[in-house]
Each structure stands twice: as C-alpha cells, then as structure tokens.
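K.L.:
can you look at this prediction? I've put the sequence above it.
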Amino acid sequence: MKSSIRVFALLIICLAATQSCFADDATSPTTMASVPTTRPHSPDILPGNGLAQHPFMYAGEWDFPKPVQSIFIIRGGQIVWQYEIPTKDATNTLQEISDATMLSNGNIVFARKTGAGEVTPDKKLIWNYDAPKGFEVHVIQPLGTDRIMYVQNGNPATLNIVNITTGKTETQLVLPTGNPKSTHGQFRRVRITKAGTILAAHMDNNKVVEYDMTGKVIWSLSIPSPWAANRLANGDTLITSNKGFVREVNPAGDTVWEFTQKDCPDISLFSLQEADRLANGNTIITNWCPNALKKPAWWPTSVQAIEVTPDKKVVWALRSWAPPAALGPATNLQLLDEPGIPENQDQPR
C-alpha cells in the first residue's frame with residue numbers, strides 16, 4: 001500500500017513538473033516549444049550563396065557561450081572587421097547587442113543592454129552611455145552623424161535624443177509601458193520616422209503605437225509581442241513578432257502581406273526580430289533561436305536569417321555557426337549593398 005502511495009505521489013510530481021514546463025513554453029515569446037531536440041531545423045542545402053550573398057553588418061543577443069559579444073562586418077564571404085564587448089560587464093551583468101546600425105562614414109552605433117555606444121572603423125569608442133542600475137538600453141538610432149536617439153527601458157522608460165558632439169540631451173520623453181517594473185521586456189525597437197513621428201513596438205503591451213514628438217498617440221495597432229516596426233516608403237508598417245511572423249499593415253491596420261511558418265515549412269522560424277524591406281522589394285528577416293533551442297549545441301541546425309521575395313520565396317538563408325565565421329544568434333543584420341544613407345532613415349532599420 002505504501003509503495004503504491006509513493007508511486008502515485010511520484011506520478012503527481014512528474015505531472016506537475018511537466019505542466020510547469022509547458023506553462024513556461026506558453027509564455028515564451030517564440031512560437032515553437034522549448035523542447036530538447038537535435039532534429040534539423042533547416043535543410044542541408046540552403047538557397048543563396050551563404051556568407052557571400054551580400055556584404056552585411058551582423059550582431060546578436062545572448063551568445064552567452066562566448067566570453068565576448070561581437071559586431072561583425074562580412075564582405076566577400078569573410079569576416080573583415082569585428083568589434084567585441086565583454087559578455088558580462090564589471091558588475092557581472094550580461095550584455096547583449098540588441099540594436100545596431102552602420103553609418104555612411106563607417107561608424108557603428110549600438111545598444112548593449114547595459115548602455116550604448118558609437119565605435120569608429122578603427123575601433124575607437126567616440127561616444128558611450130552607461131545605463132543606471134535597474135535600467136536597460138536595447139534601442140538606438142542614428143539621426144545624422146551627430147545625434148543619437150536611444151530608449152532606456154525602466155521605470156520610467158524614456159526616449160532620449162542626444163547631440164554627441166555637445167553632449168547635450170535635446171529631447172527626453174516618457175514612453176508608457178505595460179509593466180514598469182519588468183524592465184527587460186519593454187522595448188527592442190523604437191524608431192523616429194522620416195516624418196518626425198515616433199514608431200514604438202510595445203513588446204510588453206502587445207501593440208505598435210505611433211506618437212508625435214509630444215507623446216500624443218496618432219496611430220495604434222494591436223499585435224502580439226511586437227519586436228520591431230518600420231515605416232515603409234509606401235506608408236505601410238512592417239512589423240516583426242516574437243510569435244514567429246512578419247506582417248505588413250496599411251495605415252488602416254489591414255494586413256497586406258504576411259510571412260509565417262507555413263510559408264517556409266522546411267526552415268523553422270523562432271523569434272523573428274529585425275525585418276527590413278529592401279530596395280528590390282524583398283524582405284530580410286533575422287531568426288533568433290535561443291529561446292526555443294535552449295542548448296547552444298542545438299543552434300547550428302537552424303538558420304540565422306532569410307531573405308524572401310514578395311511572393312514569399314526564400315532566396316537566401318544564412319547559417320553560419322562554426323569558425324571561421326561563428327556569427328552566433330541573429331538580432332541585427334544590415335545589408336551594406338543597399339542604396340541610401342542609413343542615418344537619414346533612407347534604409348529601414
């Protein structure tokens with residue numbers, strides 16, 4: 001009898017643990033269950049020319065097996081430049097490169113969670129900002145070559161425009177959040193548009209909101225767990241979601257184009273972070289896998305980025321996990337063969 005009771009109790013404990021596991025998965029920002037698996041998440045042969053498809057700047061979040069986090073520039077299929085920050089800062093806080101843009105002068109502005117910076121091609125840090133304790137910086141945007149916008153997650157969350165030449169903060173605006181105490185989950189992409197408005201992906205509020213520069217709401221759209229939102233030249237908005245889809249909506253909020261898992265059944269989509277519309281009409285999408293593939297040993301079966309045509313054909317898939325180009329998980333990918341000046345908002349970032 002006692003043995004039966006013990007077995008029954010063990011079954012209850014196992015069931016509770018299983019339910020707890022799936023409860024965690026249900027709140028995960030990915031669309032795929034976080035289960036131990038070594039099955040391939042992409043085919044052996046991928047479309048496109050691998051690292052040689054485009055020259056590009058690349059950086060990502062949470063490459064925690066490495067002692068450093070890196071920004072890479074790839075040209076001719078090879079890494080030609082690399083900038084590193086410690087994986088953990090002096091306070092033992094994990095750093096992650098959440099947002100980055102290469103300017104026309106070759107400088108790169110980047111957010112690293114613990115702050116932000118601008119680095120030159122000769123790796124000189126010409127501007128640096130350290131976030132106060134309890135705050136995080138995951139958003140940065142160049143406004144010309146002398147001004148930078150960054151968003152600081154926290155209580156309160158703020159949008160800040162800084163003149164890096166004078167050091168003066170020209171604008172500071174409080175942004176609403178779903179949970180002021182949950183700093184990490186508030187924002188990953190906020191952009192000032194060419195029209196001078198603020199387009200914010202409220203990840204913790206499940207909506208994309210456009211504000212004027214006083215903070216007044218002028219457009220809003222409900223969308224699950226939005227990572228990024230870009231205003232396109234045609235007036236539409238291109239949105240990526242942690243739930244594994246990219247969606248283009250018109251000013252009325254109607255979906256006019258969408259890319260989901262059903263559109264590429266042989267490539268697993270995880271947390272889709274950055275999506276940019278290219279001059280030729282294609283869309284480049286980064287595919288961040290660590291939330292679903294918990295162990296780094298599983299990561300190399302997935303692709304880090306894809307380029308898709310308007311009719312949803314995948315013409316390029318990037319999978320580069322091993323030396324000499326171990327790029328790590330993907331968050332930021334900027335194609336360097338696109339026309340326009342990035343700091344003038346000519347390129348969707």
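P.N.:
Now that the structure is in, tell me what you want to look at.

K.L.:
these two touch, right, Leu318 and Val303?
P.N.:
Yes. Under the criterion of C-beta atoms under 8 Å, Leu318 makes contact with Val303 at 6.0 Å. To be clear about C-beta, it is placed using only N, CA and C from the backbone, and glycine gets the same treatment.

K.L.:
what's across from Ala305 in the sheet?
P.N.:
Thr286, Leu318 (DSSP bridges).

K.L.:
what residues does it make contact with?
P.N.:
By C-beta atoms under 8 Å, 6 or more residues apart in numbering, the residues touching Ala305 are 284-287, 316-318, 330, 333.

K.L.:
hang on, the earlier thing: overlap in contacts of Leu318 and Val303?
P.N.:
Leu46.

K.L.:
how deep is Gly60 tucked in, by neighbour count?
P.N.:
Neighbour count for Gly60, taken as other C-beta atoms under 10 Å: 26.

K.L.:
per-residue confidence for it?
P.N.:
Gly60 carries a pLDDT value of 95.

K.L.:
isn't it up against Ser320?
P.N.:
No. Using C-beta under 8 Å, Gly60 is not in contact with Ser320; the gap is 11.5 Å.

K.L.:
for Gln304, phi and psi?
P.N.:
phi -90, psi -20 (degrees, to the nearest 10).

K.L.:
run a quick neighbour tally on the closest residue to it other than its chain neighbours.
P.N.:
With sequence-adjacent residues excluded and distances taken as C-beta to C-beta, 6 or more residues apart in numbering, Gln304 is closest to Ala330, at 3.7 Å. The number of residues packed around Ala330, counting by other C-beta under 10 Å, is 28.

K.L.:
name all residues that make contact with Ala330.
P.N.:
58, 60, 273, 286-288, 304-305, 318 are the contacts of Ala330 under C-beta under 8 Å, 6+ apart.

K.L.:
which of the three states applies to it?
P.N.:
Assigned with DSSP: H, G, I helix; E, B strand; the rest coil, Ala330 falls in the coil class.

K.L.:
what's the spacing between Met102 and Pro342?
P.N.:
Applying C-beta to C-beta, to the nearest Å, the value for Met102 to Pro342 is 7 Å.

K.L.:
no wait, Ser320
P.N.:
Distance from Ser320 to Pro342, by C-beta to C-beta: 23 Å.

K.L.:
buried residues in stretch 303-311?
P.N.:
Judged by neighbour count (16 or more other C-beta atoms under 10 Å), stretch 303-311 contains these buried residues: 303-308.

K.L.:
I'd say Val217 and Asn205 touch.
P.N.:
No. Val217 sits out of contact with Asn205 when judged by C-beta under 8 Å, with a separation of 12.0 Å.

K.L.:
hey, where'd the helices end up in the stretch 151-300 of the chain?
P.N.:
Read by DSSP state H, counting those that start in this stretch, the stretch 151-300 of the chain holds no helices at all.

K.L.:
which residues touch Pro324?
P.N.:
When contacts are counted by C-beta under 8 Å, 6+ apart, Pro324 touches 78-79.

K.L.:
go again with 10 Å.
P.N.:
51, 78-79 (C-beta atoms under 10 Å, 6 or more residues apart in numbering).

K.L.:
before we move on, what about Ile73?
P.N.:
Contacts of Ile73 (C-beta under 10 Å, 6+ apart): 55-59, 79-83, 102, 106, 108, 121, 334, 336.
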